[in-house]
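Task: produce atomic coordinates for the following.
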Amino acid sequence: MNKETFRKNILEKLSLLAQIDIQSLNRSLTDQIVNVFSVFPELQGQVGAAYLPFKVEIAPVYQELLHKVPVNLAYPILIDGNMEFAIPEGLPKGSTWLSRPYHQVEPQWALIPGIGFDLQGSRLGRGKGFYDRYLCDRKILKIGLAWSEQIVDKIPVEEHDCRMDLIITEKFCWDVTQQKRF
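Predicted coordinates for the structure are as follows:
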C-alpha cells in the first residue's frame, strides 16, 4: 500500500471520532507523556518541541502537561519555507504555525504528530516533509504521538523519512530502540 492510500484510510477512520472521544484520548495521552518524564527525568527542565493540532489530531493537554512536568514548550514557526520552533510570549496562538510574539529556540526533544506509525519507528506525516527536513540533521529525541488506532504493522518509508525514538499512545509508551513497552 502506498503512502497516499495509508493517509486516506487512517484519516477516514479518525474523522469518525467524536469531539468527546478526542478530549478523553488526549487526556489519556497526556498521562502517558507524564509517564515518559518519570522514566526519563533528564528531559525535565529542557525545551521541547510541541505542535498546534489539527481538528482530529492527537495532542497533549498542554496546560495539564506543563502543570505536572517542568518543561518549556516551543511550537512550530515558518521561516523562509522551513519549520523552526519558538516559545510564545503568553499562551500559544495560531493554527499550524505559532503567531507572534515569540522567541526562537532549539529544542532538545520533540513531540511529533503523524497520520500513522509503526513500532519500528516509521512515521507517516501529512506529506509536506516539514518534520523530516527539520529532524534530518538534528540530534534530538524524537517522540511520535498517536492514538493506538494509528499504529499499523508497517508504514511505507522513503530514504528521507526520519524514524522516531519513542512512540506514545493513549494506551502505552513504546521504546523503538529497545522494542518494548514501558
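
Buried residues, the least confident helix or strand in the chain by mean pLDDT. List them.
The weakest-scoring helix or strand in the chain, judged by mean pLDDT, DSSP states H and E, is helix 3-14 (a mean of 79). Across helix 3-14, burial judged by 16 or more other C-beta atoms under 10 Å covers 3, 6-7, 10-11, 14. Placement of C-beta: from N, CA and C, glycine included.

if we take these, which one ends up nearest to residue 166?
residue 10 (20.0 Å; C-beta to C-beta).

Tell me which residues are up against the host helix or strand of residue 23.
Secondary-structure assignment from DSSP states H and E places residue 23 in helix 19-39. Residues from elsewhere that reach helix 19-39, judged by C-beta atoms under 8 Å, 6 or more residues apart in numbering: 17, 43-44, 56, 58-61, 64-65, 68-69, 71, 111, 143, 145, 147, 166, 168-173, 182.

Check stretch 87-106 too.
Contacts for stretch 87-106 (C-beta under 8 Å, 6+ apart): 47, 50, 52, 54, 62, 72-79, 84-86, 138.

Drop anything exposed from those residues.
47, 50, 52, 62, 73-77, 84-86.
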